[in-house]
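Trainee: structure for this input, please:
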Amino acid sequence: MARDAQALSRKRASALTRLAVDEAKAASVDARTRQIKIEEPFVVEALAQAARAYDLVLLESTGISRPVVEAVLFGSGRPLILYPSAPFGGRIDHVAIAWDGSRAAARAAHDASIFLEKASKVFVLSVIDEKPLADETADDLVENLLKSGVPAETTRVRARGEPVGEVLQSKAFEVRADLLVMGGFGHSRLREFVLGGATLSILTSITLPVLLSH
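Mentor: Here you go, the predicted model:
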């Protein structure tokens, strides 16, 4: 059974690799592939280590991918864009930044700079009734973005007891954002991740592409 499962896995991986290369070629994108041979339970560590050599990681959010997402987010030192399982296409034109004045939020905003610079509109989202905020820093961020030529504005929302991750995604949809940028909160101990509320909500239920950075 193990041999059959491995053979099926290799077959599916080859098919997906060919599809990705063909799609990239059709879009005039230079795509290269790399095989990593590793055994359980060391897969997630190997992926986190491999990701450190690159600028950005793209991952699909599924139940089975949760350990991979957490390992890359907290172990790679690189930002990742997490995609929902539903098909997504088109350019990233409107960007929403989840902002609470924290170090992680600042790191995420910096890591998303390449998307912010190309966006036609940036919304700095602050949930004002969830925890104490350095509220003026949202305006400072917008001011700095405007000085850099990025069209940005502050948007403040109330969670009213709802999960913060869902509130942020809902507001991002409302302003027609193509990407939500947020800091990933959490730490690992004995391979078990303790996640912040908003991060847990995003990893549990994602409805649009989210750039996460720790």
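
Trainee: which stretches of this protein aren't confidently modelled?
Mentor: Within the chain, the ranges that satisfy pLDDT under 70 run 63-64, 130-135, 185-204.

Trainee: who touches the residue of the chain most remote from its centre in this structure?
Mentor: Within the chain, the residue lying farthest from the chain centre (C-alpha atoms, centre = their mean) is residue 1, at 35.3 Å. Going by C-beta atoms under 8 Å, 6 or more residues apart in numbering, residue 1 touches no other residue. Backbone N, C-alpha and C define where each C-beta goes, glycine included.

Trainee: look up how far residue 141 lies from it.
Mentor: Residue 1 is 54 Å from residue 141, where distance means C-beta to C-beta, to the nearest Å.

Trainee: what segments of this structure are strands?
Mentor: Here the chain has its strands, by DSSP state E, at 57-60, 80-83, 94-98, 121-127, 152-157, 179-183, 186-189, 192-195, 210-213.

Trainee: can you list the ones you listed in JSON lines and add mean neighbour count and distance to residue 17?
Mentor: What follows is these, written out as JSON lines (neighbours: other C-beta atoms under 10 Å; distance: least, C-beta to C-beta, whole Å):
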{"stretch": "strand 57-60", "mean neighbour count": "16", "distance to residue 17": "15"}
{"stretch": "strand 80-83", "mean neighbour count": "20", "distance to residue 17": "18"}
{"stretch": "strand 94-98", "mean neighbour count": "26", "distance to residue 17": "30"}
{"stretch": "strand 121-127", "mean neighbour count": "23", "distance to residue 17": "35"}
{"stretch": "strand 152-157", "mean neighbour count": "16", "distance to residue 17": "39"}
{"stretch": "strand 179-183", "mean neighbour count": "27", "distance to residue 17": "26"}
{"stretch": "strand 186-189", "mean neighbour count": "12", "distance to residue 17": "30"}
{"stretch": "strand 192-195", "mean neighbour count": "14", "distance to residue 17": "29"}
{"stretch": "strand 210-213", "mean neighbour count": "25", "distance to residue 17": "25"}
